[in-house]
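In: Based on what follows, work out the 3D shape:
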Amino acid sequence: NKITHKGLWLSEDTLLLIKSPLALPIIDTYKVLADAGVLVTSSTVEEDNASTVNIAELLTSYDGITEIYKEKHIVNIPMPTMFNVKIYKYSQFNIDIHQDGKVFVYNTLHQKGCWISEEQLEEVKGKKKLSISAKNIIMYVQKLLVPMSINESTLMNDDIEYRKNNKDLLEITVAVTRACNYKCIYCFEQKELAKCNEVITAETIENLCKFIKEKMDTQGYKRLSIGWFGGEPLLNVKAIKEIANKLKDLGITFVSHMTTNGRFATKDVIQDLHDNCNLMSAQITLDGLAKEYAELKGCTEDDFYATIQNIKDIQDIIKVTIRLNVGGNSKTLIELLRYIDKEKIKAHIYMDRIKNLDYTPDDYVADYENYLSDYKEIIEALNKDCIHKDLCQTCKKRGHRACQAQSPGHYDIDCQGNLYKCVENIFNADYAIGNINTGEYNEALEKEYTEDRLYDKCHTCPISPVCHGKCTVDRKIRNMGVNCDILIELYKYQL
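Out: Numbering: from 1, shown residues only. Predicted coordinates:
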């Protein structure tokens, strides 16, 4: 407490309870808190607008709370108006994870959860109407139990629409070159290698800056984030600097990030881009140790060691994310992660499946099943060896959108000025929604990305707030469908 300059340690359960909307009596455990100046007298509860609860029953169920304080023998106390809704339900966005005889229940909309017993889970899931009691107060506080009157699907959709259409951030990915020093066998640009020497034109640079200026001025965007892309963007540092300088001349502030193979990401280069182009982060892909790395990327083993050294040199300048492409190579990636841990590399690790754009729907389903199997094997190996625990990818808030393509404020631009909604479509003019050099614009195609057409089952799926139908292009444009059972299992495992 900043006023009394006192404090004390509490258990998580006790903290949740005293922060809940209950008026607290002076009882043995809480007298200690009051004496420490952490609890103060409440005068905000109006008894006329409140219901009552047997606080003795409510509080004595917790360890360390054994009796009502003798001098203040208060049994029934008023509760705030928001507690008047006496009928509650188990949230449709809860997922339950069973482990060692207990259950962790997690709400994907509110991103909160708690441990309960198997018996308690059976009880709350077996009743259509629930009231708040001593047994489930923590579930209420963590928003696992919600008022019966709330339409949770509407709540989720409203939240998604607000976040998706929030005109705060404009995101532009710019491919400054098609050229690349590697030939990764899984790269979605492999089919276009004949044009690999193409670089961004002066006309595209000029119109890109005008495009950004117009968007910032007329549509109210407050922040700008630029992603440098390729090919290998570090093969055209000149263009990156030129774009950055033109934006500065226009009075536009921005931050930038980069997708790179890391071979040319030396300390001097990255320090220069950080200082002059506001480069804040980079994603670098590693697919195995030296031998596997060279085979997959069409390079030498020396390139692997040079890239590792670059990561070490730049990790204190910018944030580095190492991407691992998972696809039947779990044992190789386990050894790579052990190596990364041994080398004391501090980068965040991001794992994702190798994606083939020529998949059939059946291939797509099988791909996710294989990815889940590989993912489990990798994480179990890391946990067993206690290796670099923050390497394990955990469930995170995704801004309540499946991908950047859904955002009206996200665009990808190639060297010729073609405009896209998804970076995986870049350089494929069939998916372009327009061109900043010619002024062409296909509004109908853009709406295919930004206007949601979720499956009916998505509106009641427990992971819908964080999955949201998964990849927009796969679902809407390629009609691949979604393997919901696999996605739910994967999400639970990550959690």
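
In: Can you find the helix or strand of this protein with the lowest average pLDDT?
Out: Ranked by mean pLDDT, DSSP states H and E, the helix or strand of the chain with the weakest confidence is strand 76-78, at a mean of 36.

In: And the next helix or strand past it?
Out: Moving toward the C-terminus from strand 76-78, the next helix or strand (DSSP states H and E) is strand 88-90.

In: mind exporting the helix or strand following that following strand as PDB, just the C-alpha atoms?
Out: The C-terminal neighbour of strand 88-90 among helices and strands, as given by DSSP H and E, is strand 94-99. Taking Å, rounded to 0.1, in the frame of the first residue of the first chain, the C-alpha atoms of strand 94-99 are listed here in PDB:
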ATOM      1  CA  ASN A  94     -14.300 -22.300 -21.600                       C
ATOM      2  CA  ILE A  95     -11.900 -25.100 -22.300                       C
ATOM      3  CA  ASP A  96     -10.900 -27.700 -19.700                       C
ATOM      4  CA  ILE A  97      -7.500 -29.400 -19.400                       C
ATOM      5  CA  HIS A  98      -7.300 -32.500 -17.200                       C
ATOM      6  CA  GLN A  99      -4.100 -33.200 -15.300                       C
END
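
In: Give me the mean pLDDT for strand 94-99.
Out: Average pLDDT, strand 94-99: 93.

In: Quick check: buried residues in whichever helix or strand comes after it?
Out: Later in the chain than strand 94-99, the nearest helix or strand by DSSP H and E is strand 102-107. Residues of strand 102-107 classed as buried by neighbour count (16 or more other CB atoms under 10 Å): V103, V105, Y106, N107. Yep, even glycine has a C-beta here, placed from its N, CA and C like the rest.

In: E123 is in contact with the first one, correct?
Out: Right, V103. No: V103 lies out of contact with E123 (CB atoms under 8 Å); the separation is 11.6 Å.

In: still on that earlier bit, quick check, nearest of the buried residues of strand 102-107 to I463?
Out: Y106 (9.8 Å; CB to CB).

In: Relative to Y493, how far out is that closest one?
Out: Distance from Y106 to Y493, counting by CB to CB, to the nearest Å: 12 Å.

In: again, but for C180
Out: Noted for C180: a distance of 34 Å to Y493, by CB to CB.

In: Could you count how many residues lie near the closest residue to I95 other than its chain neighbours?
Out: Closest residue to I95 apart from its sequence neighbours, by CB to CB, 6 or more residues apart in numbering: P462 at 4.8 Å. Close neighbours of P462, defined as other CB atoms under 10 Å, add up to 21.

In: doesn't S225 fall inside a strand?
Out: Yes: counting by DSSP: H, G, I helix; E, B strand; the rest coil, S225 is part of a strand.

In: Quick check, pLDDT for the closest residue to it other than its chain neighbours.
Out: Of all residues beyond its chain neighbours, the one nearest S225 is E171 (5.0 Å), with distances taken as CB to CB, 6+ apart. At E171, the model reports a pLDDT of 95.

In: Tell me the secondary structure at E171.
Out: With three-state DSSP as the basis, the three-state label of E171 is strand.

In: ok, it - how many residues close by?
Out: Neighbourhood size, E171 [other CB under 10 Å]: 17.

In: And the strands in the stretch 301-450 of the chain?
Out: Listed in chain order, the strands of the stretch 301-450 of the chain (DSSP state E, counting those that start in this stretch) span 319-326, 348-353, 410-413, 418-420, 434-435.

In: Could you look over these and pick the most buried one?
Out: Comparing those by mean neighbour count (mean count of other CB atoms under 10 Å), strand 410-413 ranks first with a mean of 25.

In: and of the buried residues of strand 102-107, the nearest to Y441?
Out: Y441 has its nearest neighbour among the buried residues of strand 102-107 in N107, at 40.3 Å by CB to CB.

In: Write down the beta-bridge partners of that closest one, one by one.
Out: Counting by DSSP bridges, N107 is bridged to N94, K112.

In: Mind jotting down where the strands sit in the stretch 151-300 of the chain?
Out: Remark: strands assigned in the stretch 151-300 of the chain by DSSP E, counting those that start in this stretch are 169-175, 223-229, 255-260, 279-285.

In: Generate TSV for these, with distance to L247 as supplementary columns.
Out: Shown next, in TSV, are the strands of the stretch 151-300 of the chain (distance: least, CB to CB, whole Å):
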stretch	distance to L247
strand 169-175	10
strand 223-229	8
strand 255-260	10
strand 279-285	13
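
In: and of those, who's closest to Y186?
Out: strand 279-285 (9.7 Å).

In: Give the pairing partners of the closest one; include direction for each.
Out: Strand 279-285 has the following sheet partners, assigned by DSSP bridges: strand 255-260 (parallel), strand 319-326 (parallel).

In: can you tell me which of those comes nearest to K2?
Out: Of the strands paired with strand 279-285, the one closest to K2 (CB to CB) turns out to be strand 319-326, at 32.1 Å.

In: How far off centre is that closest one?
Out: Distance of strand 319-326 from the chain centroid (CA atoms, centre = their mean, to the nearest Å) equals 15 Å.

In: quick one, which of C180 and Y493 is more surrounded?
Out: Applying other CB under 10 Å to C180 and Y493 shows that C180 carries more neighbours, namely 20 against 14.

In: hang on, that one packs against P233?
Out: No: taking contacts as CB under 8 Å, C180 lies outside contact range of P233: 9.6 Å.

In: Output the strands of the stretch 301-450 of the chain as JSON lines; include the columns distance to L337.
Out: Conversion of the strands of the stretch 301-450 of the chain to JSON lines gives the following (distance: least, CB to CB, whole Å):
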{"stretch": "strand 319-326", "distance to L337": "8"}
{"stretch": "strand 348-353", "distance to L337": "7"}
{"stretch": "strand 410-413", "distance to L337": "30"}
{"stretch": "strand 418-420", "distance to L337": "33"}
{"stretch": "strand 434-435", "distance to L337": "42"}
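
In: got these as a markdown table, with mean pLDDT and distance to T259 columns?
Out: A markdown table is the format used below for the strands of the stretch 301-450 of the chain (pLDDT from 0 to 100; distance: least, CB to CB, whole Å):
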| stretch | mean pLDDT | distance to T259 |
| --- | --- | --- |
| strand 319-326 | 91 | 9 |
| strand 348-353 | 84 | 12 |
| strand 410-413 | 95 | 11 |
| strand 418-420 | 96 | 15 |
| strand 434-435 | 96 | 22 |
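
In: Can you tell me which of those strands is nearest to G251?
Out: Between the strands of the stretch 301-450 of the chain, strand 410-413 lies closest to G251; by CB to CB that is 20.5 Å.

In: What pairs with the closest one, parallel or antiparallel?
Out: According to DSSP bridges, strand 410-413 forms sheet pairs with strand 169-175 (parallel), strand 418-420 (antiparallel).

In: would a markdown table of the ones you listed with distance to K143 be doable?
Out: Listed next are those as a markdown table, based on distance: least, CB to CB, whole Å:
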| stretch | distance to K143 |
| --- | --- |
| strand 169-175 | 27 |
| strand 418-420 | 38 |
